[in-house]
Every structure is written in C-alpha cells, then in structure tokens.
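A.B. asks: Sharing a sequence plus its predicted fold:
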Amino acid sequence: MKAAGGAAAGFAAASAWLPRVSFAKDYRSSMRDVIVWVNLRGAADGLTLCVPHGENAYYEARPLLAVPRPDSGLTGACLNLDGFFGIPPSMAALMPAYRAGQLLFVHACGSTDSTRSHVDGMRYMEVGTPSEPFLFTGWLGRHLATVAPILPGASLRGVGLASGLQQVLVGGPNTIPIPDLDTFGLLGAVATRAARTNALRDMYNVVPAPLRATASTTLATSTLLDSINFASYQPAGGAVYNASTDIGYALKTSAALIKQQVGVEAIAIDLYNWDTHTAQGVTTGTMATIMSRLANALGAFHTDMTTGNNPGYIVAVVSEFGRRVQENGSFGTDHGHGNAMMLMGPSVAGGRVLSQWPGLAEENLFEGLDLQVTIDYRDILTEIVDRRLGNPNGASVFPGYTPTYKGVVV
C-alpha cells in the first residue's frame, strides 16, 4: 500500500463504482473557515517566538539566550512588532502577514493547569479541558461532531497529517490520519488496482454497519484524494514552499486540498523538536533553524492562500506550554507555563500582539519561575469555533468552560 494510517490503511484508490466528486467553487464569502491546527510539540519557547524586548527582566534572566533588542545594533536583533514585542530574524517570513493585519500573536496564553509534563500538557491542549480525566475526544473532533458538514455528503471532513490520528481530532466524523495526501491509497500494479478495489468493495459490502460505512467512506476518500494532483500543485502568488521540510510539505499539500473545496474543515499538523533544554540556539542553531522552517512555511501558505478567491482559512499555532524565564546552565531553558500562540488568516484581527502582559520580574512570575497565563487558550479557540467555524455549541466543544471573547477574529 501507499502510505496510509489508522482506519484508512488497506483501502483502495480510484474506483469506477464510486460517484465522481463534484468540486464546489467560490464559496469563500458564504462558507465557514477551514482550520489548520499546527502543534509545536515539545513546549516551544514563547519568549523567543515573540520576544518581549521592552522588558528589562527578560534580558536579566537570559544573558546568553535573549534575542537582542531591535535598536541594539547587534547581530540577530529582533524585528519590532509594536514597540514592546518583536520576532527573531529567523521568523522574518511572517512579517508580510503581520503587516497585512492577518497575523496575530497572543502572549501570556495557555492552559491554566500547571503541569510541566509533555504528555499531560499535550492532552489538555488537544482534549480542551484539564478537568475531565475520562474525556478522550478532542475539541476539534467534538466541533465536527456538533456542526453540520461544510459540504453535505463530504467523505472527508477532518484529516490529521500523521500516521496516527492526533487526539485533537478524535471523535470527528469522517476524520482519518493520512501521513501523505499524495500517496494515500493502494500500492501495487496499476493494471490490477481496479480489480483489487472491486474485491475490497465486495468484501466490505457484506459486513454489518458501522464497518461497511467506514469502508465505503474510506474508499470514497481515496478516490477523492486520487483526483487531486498534489505532486503538480503550483502555489499562487509566487509562494515558495520548501517541500523538503516536514512543515513546508504539510502546508503545501494542505493548501492544495483546501483550494479544491471538497468539504475538508479541519487539518492537524505536528512540528516536533521544541524541547530545548540544551544548546537552544535562539539566533543560530537548533531553535533558530526550526523557527525558520515554521515561519517560511507559514509565510508561503499566507501568500498562496491570499492570492485569488480561495476558501477562508484560519491557522492556529500552539504548543503545550512555554519554557522557564531563566536560562539554565546548559544554554537552554526548562519546562515552564505561559506561552505565545499565533493565529493567521484573512479573518484574523491581526497586525498586533494581544496580551494582558503580567511582567517578568520575579514577583510577577508563576511560582516565581514562569510566565503567568493571563489568557486561557480556550477563550481564543471558542471564539474561533463560534465566529469562524460556524459552531455556537461551545459548551459541547469545551465542556465546563465559560469563555471570554478577546476579539481575535472579524
């Protein structure tokens, strides 16, 4: 087989007996946004992703790891955003989206739970609540389960670009993991593919529901993806993705999928290696390299998706928690608490940094160590779900939580 994960493994590609997909066009103004969830796994350092260069305590706590002030004249100085916050030069590719008012940073944001465990932190972020130990569906999965499809009859509503479905999407109808959108289907000789597909059809037509329906949907999804020429996709507006990187390839193929308007509503992407306990490398080295990969891919996606009349989208970039304010003795930072979040898209009220900044003086830190969380990430996500994803069922998506909207979307 071609690469395929989870429930989708083993099913076939194009099949004559399945109905042809009719692509809907030009629904940007009347339909909901597609959400792209980018998870920076490993606890990214929000104080480097969005630098509080106006805070003296930041430089006192990080004599070796602080990104220099914009007016310092030093190599690696950050790019000013609003006079207080900035971004490192490795993230310069985000500036066009920021200047266009389509990129928003949310700082001192995160989960109110105080865990410093990656496993727990990721779970809370994806499940959508720290207070329900037996809740296993993800908040995006619950969103898809409580709102009508964006396109009636769509065979694929949610996709996790991974070998196993990310927890954030668990519970979503017509939602599966697909490691590579371009290679989903049945491997083997082309000459026998139709016969093997028909054999699978016959096999699963006689089994009881829900397996029969699952098989039918998966076969339809394979046919759908096989009809999209991901390999020859040409980005718009001169956008250049570095498809040799995981995040570049994921966002390029996501753009191709979204533009086809086949009913996909949610895409989850993971980017790893943010656990920078040693040799963090904020201006050159480990973190600078991965920040550059992230920013270049997001910048290309912004250019690509805002050129022409494309479907609405919103990208949410998150990480399970931030890192300690004080640098450690290994030229890195340890697990912390508050963090920075990014939103990007035409519906984002961007060109700014949203923050109820608590300050980095020791007396203002969480447990005397970490950036405080002053904005619950669920405030941000519930507003997006309600106002851009067309789902007013916030109580089902984020059970037990009453949000305060922050005006992050228009």
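C.D. replies: Thanks, I have it. Numbering: from 1, shown residues only.
A.B. asks: burial measure for the residue lying closest to A231 once chain neighbours are set aside, as a count.
C.D. replies: Of all residues not flanking A231 in the chain, D182 sits nearest, at 5.6 Å (Cβ to Cβ, 6 or more residues apart in numbering). In this view, the C-beta of every residue, glycine as well, is placed from N, C-alpha and C. Using other Cβ atoms under 10 Å, D182 has 19 neighbouring residues.
A.B. asks: So D182 is in contact with F230, correct?
C.D. replies: Yes. Counting by Cβ atoms under 8 Å, D182 does reach F230; the two are 3.8 Å apart.
A.B. asks: residues shared between the contacts of those two?
C.D. replies: T253 (Cβ atoms under 8 Å, 6 or more residues apart in numbering).
A.B. asks: And what about G350, helix, strand or coil?
C.D. replies: Following DSSP: H, G, I helix; E, B strand; the rest coil, G350 is assigned to coil.
A.B. asks: Which pLDDT value goes with L211?
C.D. replies: Listed pLDDT for L211 reads 83.
A.B. asks: Tell me how far it lies from T217.
C.D. replies: 11 Å (Cβ to Cβ, to the nearest Å).
A.B. asks: So for the two, which residue has more residues nearby?
C.D. replies: Using other Cβ under 10 Å as the criterion, L211 and T217 rank with T217 on top: 20 against 11.
A.B. asks: For the more buried one, list the residues it contacts.
C.D. replies: Contact analysis of T217 by Cβ under 8 Å, 6+ apart lists 155, 174.
A.B. asks: For it, identify the helix or strand it belongs to.
C.D. replies: When secondary structure is defined by DSSP states H and E, T217 falls within helix 211-226.
A.B. asks: go on, A44?
C.D. replies: Assigned by DSSP H and E, A44 belongs to no helix or strand.
A.B. asks: ok, it - contacts?
C.D. replies: A44 makes contact with 274, 319, 322-323, 339, according to Cβ under 8 Å, 6+ apart.
A.B. asks: hmm, who's touching the helix or strand containing Y58?
C.D. replies: In the assignment (DSSP H and E), Y58 maps to helix 56-61. Contact with helix 56-61 is made by 47, 51-52, 66, 69, 325-327, 359-362, as judged by Cβ under 8 Å, 6+ apart.
A.B. asks: Out of those, which end up buried?
C.D. replies: The neighbour-count criterion (16 or more other Cβ atoms under 10 Å) marks 47, 51-52, 66, 69, 325-327, 360 among the contacts of helix 56-61 as buried.
A.B. asks: Out of the residues you listed, which two sit at the greatest distance?
C.D. replies: Using Cβ to Cβ, the buried ones among the contacts of helix 56-61 span at most 19.1 Å, a distance reached by R69 and Q326.
A.B. asks: what element comes up after the strand or helix carrying M287 heading to the C-terminus?
C.D. replies: M287 belongs to helix 286-305 when elements are defined using DSSP H and E. As assigned by DSSP H and E, the chain's next helix or strand after helix 286-305 is strand 313-318.
A.B. asks: Pairing partners for that following strand, with directions?
C.D. replies: Neighbouring strands of strand 313-318 in its sheet, by DSSP bridges, are strand 34-40 (parallel), strand 339-344 (antiparallel).
A.B. asks: how distant is it from the center of its chain?
C.D. replies: The chain centre lies 5 Å from the centre of strand 313-318; the measure is Cα atoms, centre = their mean, to the nearest Å.
A.B. asks: which outside residues touch that strand?
C.D. replies: By Cβ under 8 Å, 6+ apart, the surrounding residues in contact with strand 313-318 are 33-40, 125, 258, 294, 298, 301, 305, 341-348, 377, 380-381, 384, 388, 409.
A.B. asks: got it, and stretch 347-357?
C.D. replies: Contacts with stretch 347-357, where a contact means Cβ under 8 Å, 6+ apart, come from 33, 50, 52, 81-82, 84-85, 97-109, 312, 314, 343-344, 374-375, 388, 406-410.
A.B. asks: Please pick the buried ones from those residues.
C.D. replies: Looks like the contacts of stretch 347-357 have 33, 50, 52, 81, 85, 97-98, 102-109, 312, 314, 343-344, 375, 388, 406, 408-409 buried, using 16+ other Cβ under 10 Å.
A.B. asks: Let's see which of the residues you listed end up in strands.
C.D. replies: Of the buried ones among the contacts of stretch 347-357, the ones assigned to strands by DSSP state E are 103-109, 314, 343-344, 375.
A.B. asks: circling back to that earlier point, so which of the strands paired with strand 313-318 comes closest to V190?
C.D. replies: Closest to V190 of the strands paired with strand 313-318, according to Cβ to Cβ: strand 34-40, at 31.8 Å.
A.B. asks: relative to helix 286-305, how tilted is that closest one?
C.D. replies: Angle of strand 34-40 versus helix 286-305, following axes from the mean of the first three to the mean of the last three Cα atoms, to 10 degrees, is 170 degrees.
A.B. asks: in the stretch 1-150 of the chain, which spans are strands?
C.D. replies: Under the criterion DSSP state E, counting those that start in this stretch, strands of the stretch 1-150 of the chain are mapped to 34-40, 79-80, 86-87, 103-110.
A.B. asks: now the ones you listed in a markdown table, with mean pLDDT and distance to G73?
C.D. replies: Shown next, in a markdown table, are these (pLDDT from 0 to 100; distance: least, Cβ to Cβ, whole Å):
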| stretch | mean pLDDT | distance to G73 |
| --- | --- | --- |
| strand 34-40 | 98 | 30 |
| strand 79-80 | 98 | 14 |
| strand 86-87 | 98 | 15 |
| strand 103-110 | 98 | 25 |
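A.B. asks: how about those, which one is nearest S396?
C.D. replies: strand 34-40 (16.6 Å).
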